[in-house]
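Engineer: mind looking at a prediction? Sequence and model below.
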2 protein chains.
Amino acid sequence: MARKPATNPRTKPRKNASQQRSRAMVDALVEATARILVREGFDKASTNRIAEVAGVSVGSLYQYYPCKEALVAAVIDRHNQEIMQVVRVAFAEVATQPVEPAVRRMVAVAIEAHRIDPRLHRVLAEQIPRTGRLEHVEAFNREAHAMFRTYLDSHRDEIRAIDPALAAFMCVTSIEALAHTAVLHRPETLSDREVRTLVDETTRLIVGYLQ
Amino acid sequence: MARKPATNPRTKPRKNASQQRSRAMVDALVEATARILVREGFDKASTNRIAEVAGVSVGSLYQYYPCKEALVAAVIDRHNQEIMQVVRVAFAEVATQPVEPAVRRMVAVAIEAHRIDPRLHRVLAEQIPRTGRLEHVEAFNREAHAMFRTYLDSHRDEIRAIDPALAAFMCVTSIEALAHTAVLHRPETLSDREVRTLVDETTRLIVGYLQ
DNA sequence: CTATAATGCGAGCGATCGCTCGTATTCGCT
DNA sequence: AGCGAATACGAGCGATCGCTCGCATTATAG
């Protein structure tokens, strides 16, 4: 029932191309989608426009992505992977450090992460709910919470008695919001001086709360 | 200059109807838009659907709202007014209170405000960027910051030396994010117990930062 | 080289959207 | 009651969208 013998060339999304062209096309499509989202906005990111910018045809687009949402989701996943990579490395680095420098580093990393591609981050933050990728994003969020909680667990003698899950929620939510708001709602790039102040204050906020 | 003599019946949005029906229609349209946003999502909020739910025709809709965005903007403004009303009253109440109870009250109010209509709040938060209402929303945001800053100014002897604008940014951003995240990313309604814990912890976070 | 499969292409389908405009209904006034 | 103005109506226009499908092009095998 899956399909007729061998006389039926019509299949669902065709999968593995020459492994060369296909890779390039997939990347070009994701890149084109990201560019359009940033430079022209979500509403202009039609499949025809994406294909045009990527330099391929709509037909080819649908050979590698089953629908428009899948493309946006790919952009989201790629961006989140970039961010989480930075975050994971940072957590590993501070795992054995005392609370104050560790928190300071995490705050700085949160700001750095938001500055990777602020305009893309902004568009994605606004449009994620429309895609089916909310779950993916929340998975990353849970990973961040879990890493923070793990850090707190192994340093519980340096902080006051508090439910680690709750503390992680409070800290991660605050740090993320402060970094997000500062980076996105301010003049395109804030000065190094402003960043330093922001890191100082956020660190004070969090460390004061934990101790 | 307002319009040509009397021979030109074509005008922009017709304005004052019988003052009775028109008011009712305007309200019905805004209410219908809000309901659709909450129950069916932004994408289903077409002008035809809004008119249908409001019990009027598309033609009538366009007599009172020049375009679809204006309708969504009206919903946003109404919701923000409701929230800001609560916030203004609370700020007036705590103006002369010491920091700890004042912050506690503001935190509680922030959570209450987010619980007025969480699902509408969520949809609006996601869709505001698509409308031209970002400026309006940021105006409310600035008002909240200004009120908090005013409070800090008149209580500066109770807190450590710190730029009031910076402190207001840190506090308002954190409180808003914690309330927003807790109310929207959690099981539809959090228990009173959870709310109490959240208020306690957020108050501790903020007061510890200020002192 | 030829045959066959894999891949790329893009005109265009059907659906839906925001919105208009000619007509029908109701209001306000005498 | 009768009449013009104000208001309400909704079929439908033009644009755009996501996506399909038959054909053209290219890669691979014999």
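Structural biologist: Great, that's in hand.
Engineer: alpha carbons only for contacts and neighbour counts from here, please
Structural biologist: Noted.
Engineer: does stretch A:119-138 come close to chain B?
Structural biologist: Yes. Stretch A:119-138 is in contact with chain B by CA under 8 Å from any CA of the partner chain, via A:126-127, A:129.
Engineer: show me the contact partners of that stretch.
Structural biologist: A:34, A:37-38, A:41-42, A:69, A:72-73, A:76-77, A:79-80, A:114, A:184, B:126-127, B:129 (CA atoms under 8 Å, 6 or more residues apart in numbering or on different chains).
Engineer: considering only these, which also neighbour DNA strand D?
Structural biologist: With CA under 7 Å from any atom of the strand as the criterion, the contacts of stretch A:119-138 include residue A:69 near DNA strand D.
Engineer: taking the contacts of stretch A:119-138 one by one, which sit in helices?
Structural biologist: Members of the contacts of stretch A:119-138 lying in helices (criterion: DSSP state H): A:34, A:37-38, A:69, A:72-73, A:76-77, A:79-80, A:114, A:184, B:126-127.
Engineer: list the buried residues in the helix or strand hosting residue A:146.
Structural biologist: Element membership for residue A:146 (DSSP states H and E) is helix A:134-154. For helix A:134-154, the neighbour count (16 or more other CA atoms under 10 Å in any protein chain shown) marks A:137, A:140-141, A:144-152 as buried.
Engineer: what does stretch A:161-177 give?
Structural biologist: For stretch A:161-177, a neighbour-count test (16+ other CA under 10 Å) marks A:164-165, A:167-177 as buried.
Engineer: stretch A:57-73 too?
Structural biologist: In terms of neighbour count (16+ other CA under 10 Å), stretch A:57-73 has its buried residues at A:60-65, A:68, A:70-73.
Engineer: in CSV: those residues, plus distance to residue B:90 and pLDDT.
Structural biologist: As requested, these are exported to CSV (distance: CA to CA, whole Å; pLDDT from 0 to 100):
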residue, distance to residue B:90, pLDDT
A:60, 58, 95
A:61, 54, 96
A:62, 54, 96
A:63, 57, 93
A:64, 54, 93
A:65, 51, 94
A:68, 46, 94
A:70, 45, 93
A:71, 46, 94
A:72, 42, 93
A:73, 42, 93
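Engineer: the residues you listed into TSV, with extra columns for distance to residue A:200?
Structural biologist: Below are those laid out as TSV (distance: CA to CA, whole Å):
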residue	distance to residue A:200
A:60	50
A:61	47
A:62	48
A:63	50
A:64	46
A:65	44
A:68	42
A:70	40
A:71	39
A:72	36
A:73	35
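Engineer: which pair of those residues spans the longest distance?
Structural biologist: For the buried residues of stretch A:57-73, the farthest-apart pair by CA to CA is A:60 and A:73; their separation is 18.0 Å.
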